[in-house]
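*Asks:* Take a look and give me a structure for this.
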Amino acid sequence: MHRTLLVWILAVIVSRPAVAKAPYLFNDSHFHLTNYIQEGPDVHTYLAMMGDKVGRSTLFGIPVQQMWSFCNSGTFAPTYYTQTDAPLYYYSFTDAVIAMEYRSLTPEQQARLDPMITGFNPADMYAVDHIKRVLATFPGVFSGIGEFSIHKEFVSSKIAGPTASLTDPALDRILDFAAEAGLVVILHNDVDTPYPKPDQDTYMLSQLRELFLRHPKTTIIWAHCGLGRVVRPIQDQLGRRLERALADPQLKHVSIDLSWEELAKYIVATSGTVQTVAAVINKYPDRFLFGSDVVAPSGIDAQLKVYETYQPLWDALKPEVRQMVTTGNYERLFDEGRKRVRAWERAHIGTLKAPSGPFPLNGD
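*Replies:* Numbers count the residues shown, from 1 in each chain. As a prediction, this is how the structure comes out:
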């Protein structure tokens, strides 16, 4: 009798339908593992943070290092660029750090991350050579380049050396190579200058459009639609201007990441701004990705806070559109990026100079 009862109980348990695993809340298209002094959690800690909330994530550091000038701040060691007048400088070693962190993971863990190359100077005609060397040294690792900045409020002017420009041939070389190799590009460029005069020409927006038009084969993600702490939307930017740009077939290779709480504050400012932006996204659902843009977080709360800040927008989107923005578009763009970069590596890795060492060259 006891045995019969046990068999019956087991049969009931086995026959019950499996409980479907809840989907991830989002994929993070914009995540900085390290900060402006190249510190942050290790990648294993970050994966633990992601848990069952973040499905996949980009992985990159900050391409510049904040200098600690004793003559400027004395014994105070600045960790952020607003804490000192000392300059920033490009820090190429960040790419090696990201690659080695990624390589410390199992294949299953690696599948959740898309490392990006950032440690290059976009004003340097040799920047492309740096990107190629990184691919040759760490094949099978990187999916794209960025986030890197051209015009960024309060940052661009602090970087030592020539100023980056949207009209610089060095930048064209970078985007040309990204198209060739299939690298996804995350580009930061402000839509306007901080504190513009009422009649000031928005020259950065026209230069940015011309840049996009020159590179129709490059997969570009425009970081947080060019907005920031003090760089506010220009007239009709989040409405008619944005809709016209998305409707232009010559710009179909450009997507926008809804990252950073600083962008969110403009979108969720009023019910009207929410509805305006939601209408555009519902009409062009394949052109937007969610990202947190958190820097070296100590826990998942920072990413969740950004996601939750956008809640009025999520509520205003069609359910299928919200899924595309929070997870689907990321997977489409970065899966294609992975595929194309691995193919480029297989075709070209033997012709590139890389340090000798126990690095697999097949890239898969």
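
*Asks:* quick one: Arg56 is in a strand?
*Replies:* Yes. Counting by DSSP: H, G, I helix; E, B strand; the rest coil, Arg56 falls inside a strand.

*Asks:* Can you tell me the number of residues neighbouring Thr75?
*Replies:* With neighbours defined by other Cβ atoms under 10 Å, the count for Thr75 comes to 6. For every residue, glycine as well, the C-beta is placed using N, CA and C.

*Asks:* What's the local residue count around the closest residue to Leu213 other than its chain neighbours?
*Replies:* Of all residues not flanking Leu213 in the chain, Gln250 sits nearest, at 5.8 Å (Cβ to Cβ, 6 or more residues apart in numbering). Neighbour count for Gln250, taken as other Cβ under 10 Å: 11.

*Asks:* I figured Gln250 hits Arg214, correct?
*Replies:* No. The criterion here is Cβ atoms under 8 Å, and Gln250 misses it with Arg214 at 10.4 Å.

*Asks:* Strands along this structure, start to end?
*Replies:* Under the criterion DSSP state E, the chain contains strands at 26-28, 31-32, 54-59, 64-66, 88-90, 113-117, 144-149, 184-188, 220-223, 254-259, 288-291, 294-295.

*Asks:* For burial, what's the neighbour tally of Leu251?
*Replies:* By other Cβ under 10 Å, 18 other residues sit near Leu251.

*Asks:* any idea how far Thr94 is from it?
*Replies:* 30 Å (Cβ to Cβ, to the nearest Å).

*Asks:* I'd like the strands of the chain laid out as a markdown table, including distance to Phe334 and mean pLDDT.
*Replies:* Listed next are the strands of the chain as a markdown table, based on distance: least, Cβ to Cβ, whole Å; pLDDT from 0 to 100:
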| stretch | distance to Phe334 | mean pLDDT |
| --- | --- | --- |
| strand 26-28 | 8 | 98 |
| strand 31-32 | 12 | 98 |
| strand 54-59 | 7 | 98 |
| strand 64-66 | 24 | 97 |
| strand 88-90 | 25 | 97 |
| strand 113-117 | 5 | 98 |
| strand 144-149 | 8 | 98 |
| strand 184-188 | 6 | 98 |
| strand 220-223 | 10 | 98 |
| strand 254-259 | 11 | 97 |
| strand 288-291 | 9 | 98 |
| strand 294-295 | 18 | 97 |
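
*Asks:* of those strands, which approaches Ser73 most closely?
*Replies:* Smallest distance to Ser73 across these (Cβ to Cβ): 10.3 Å, for strand 64-66.

*Asks:* need the contact list for Leu289.
*Replies:* If you count contacts by Cβ atoms under 8 Å, 6 or more residues apart in numbering, Leu289 has them with 27, 29, 221, 255-258, 325, 329-330, 333.

*Asks:* out of everything not next to it in sequence, what's closest to it?
*Replies:* Ser29 is the one closest to Leu289 (Cβ to Cβ, 6+ apart), at 4.2 Å.
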